[in-house]
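In: Everything below, folded, please.
(one chain, ligands or ions: 2)
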Amino acid sequence: MKLLEVDNLTIAFEEGRERQIVVEHAGFSMEKGEILGVVGESGSGKSMVAHCLMGLYKKNEKVIDGRILFDGQSLLAMPREERRRIQGNTMSIVFQEPMTSLNPVKKVGFQVEESLSIHRKELGKQEKKELALQALRDVELPGAEEIYESYPHELSGGMRQRVMIASAIVCRPKLLIADEATTALDVTIQAQIIRLLKKLNASTGMSVLFISHNLRVIQEICSRAIVMWQGKVVEQGTVEEIFRHPKEDYTRRLIAAIPTRKKRRNP
Ligand SMILES: Nc1ncnc2c1ncn2[C@@H]1O[C@H](COP(=O)(O)OP(=O)(O)OP(=O)(O)O)[C@@H](O)[C@H]1O
Ligand SMILES: [Mg+2]
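Out: Ligands and ions are numbered 1, 2, ... in the order given. From the prediction side, this is the model:
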């Protein structure tokens, strides 16, 4: 069963009469329960696609064409109000920088509960707290009660990213978009977060759209991926196929650019 179908998506920035196409005729789909990788160099349009799925539009940004079906609903055709009911609820996103996404003056618990306050208005204070604590436990933060009462600056970078994931999953979304969610972390913490996302995917069936410019990281987390280049989806298939038989020159260069251990030790 398909969870997401993107067809012919074309997005542009408009500045006066100038129009710059940043995503062009992009198409891909995701199965329910799948982790799909999105890989491509900086500026290839990965985040534009992610933001468009979430309905987070920048100034001057315009969807020129295309269709997005999410769980059977046409996102681009629905009224804004209805779309807002999906954001942070059945679909949510985690970004690269947990420090800039978290509010430094609000306690972690308050921030994890935020989506519940928007989307589950019927819940009482204690019920919200319990769900937030459960989400903090789900992301394997030790001492959920203590973390709930702490401020972001009291936590390490890896812990903050876990808090961001807890905030994103507290409403139990069908799709989690991770946009370079492990890029700012060191390699060990990155591996832990990848393990966590895989575990959440396996235990809850939540689909994950995992965006990274790093093909090696993509290879670790998913079995299927799409490759973006200059706003286009130039390749899609299993990661194994992409590695073994890259169809595009660009993908070959991306594979060749993966640092080997030797290169890493002797830069
Ligand atoms: N506010 C903006 N105004 C004009 N162009 C923009 C704006 N934001 C992004 N772009 C352009 O859109 C294109 C796609 O950018 P996008 O952020 O989606 O790339 P990306 O693949 O996510 O890159 P990265 O790996 O660096 O995150 C780029 O060419 C970028 O210059
Ligand atoms: Mg990006």
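In: Name the next helix or strand downstream of whatever helix or strand L9 lives in, please.
Out: Using DSSP states H and E, L9 maps to strand 2-15. In the C-terminal direction, the helix or strand that comes right after strand 2-15 (DSSP H and E) is strand 18-31.
In: thinking again about what came up before, which residues sit against the strand holding L9?
Out: For strand 2-15, contacts defined as Cβ atoms under 8 Å, 6 or more residues apart in numbering pick out 19-34, 45, 48-49, 52-53, 58, 60-71, 174-175, 207, 209, 231. C-beta: built from backbone N, CA, C; applies to glycine.
In: any idea how far the residue of the stretch 101-250 of the chain at minimum distance from ligand 1 is from S150?
Out: Closest residue of the stretch 101-250 of the chain to ligand 1, Cβ to the nearest ligand atom: H213 (4.5 Å). Plainly put, H213 is 32 Å away from S150 if you go by Cβ to Cβ, to the nearest Å.
In: Which residue ranges of the stretch 51-200 of the chain form helices?
Out: Secondary structure of the stretch 51-200 of the chain (DSSP state H, counting those that start in this stretch): helices at 80-84, 98-101, 108-112, 114-119, 125-138, 144-148, 157-169, 187-204.
In: quick one: L200 and H245, what's the gap?
Out: From L200 to H245 the distance is 31 Å (Cβ to Cβ).
In: ok, the two, which is more surrounded?
Out: More neighbours surround L200 than the other of L200 and H245, with 19 against 9 (other Cβ atoms under 10 Å).
In: Quick one: residues contacting the more buried one.
Out: Under the criterion of Cβ under 8 Å, 6+ apart, the neighbours of L200 are 138-139, 165, 169, 176, 206, 208.
In: Now tabulate the residues you listed in JSON lines and tack on neighbour count.
Out: Output for the contacts of L200, formatted as JSON lines (neighbours: other Cβ atoms under 10 Å):
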{"residue": "D138", "neighbour count": "20"}
{"residue": "V139", "neighbour count": "24"}
{"residue": "I165", "neighbour count": "27"}
{"residue": "I169", "neighbour count": "22"}
{"residue": "L176", "neighbour count": "23"}
{"residue": "M206", "neighbour count": "21"}
{"residue": "V208", "neighbour count": "24"}
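In: mind giving me CSV with these and columns for pLDDT and distance to ligand 1?
Out: Output for the contacts of L200, formatted as CSV (pLDDT from 0 to 100; distance: Cβ to the nearest ligand atom, whole Å):
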residue, pLDDT, distance to ligand 1
D138, 97, 27
V139, 96, 23
I165, 96, 19
I169, 97, 22
L176, 98, 17
M206, 97, 22
V208, 98, 17
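In: M54 contacts I93, correct?
Out: Yes. With contact defined as Cβ atoms under 8 Å, M54 reaches I93; the gap is 5.2 Å.
In: where do the contact lists of these two overlap?
Out: Taking Cβ under 8 Å, 6+ apart as the criterion, M54 and I93 both touch I177.
In: Between these two, which is the more surrounded one?
Out: Higher neighbour count among M54 and I93: I93, with 24 against 19, using other Cβ under 10 Å.
In: Please report how far the residue of the stretch 101-250 of the chain closest to ligand 1 lies from A135.
Out: Applying Cβ to Cβ to H213 and A135 gives a distance of 28 Å.
In: now do Q236
Out: According to Cβ to Cβ, Q236 stands 32 Å off from A135.
In: quick revisit: filter the contacts of strand 2-15 down to the buried ones.
Out: 22-24, 26, 28, 30, 34, 45, 48-49, 52-53, 61, 63, 66, 68-71, 174-175, 207, 209, 231 (16 or more other Cβ atoms under 10 Å).
In: near ligand 1 too, which of the residues you listed?
Out: Contacts with ligand 1 within the buried ones among the contacts of strand 2-15, as defined by Cβ under 6 Å from any ligand atom: 22, 45, 48.
In: Surely the first one and G231 touch.
Out: This points to V22. Yes. V22 sits in contact with G231 when judged by Cβ under 8 Å, with a separation of 5.3 Å.
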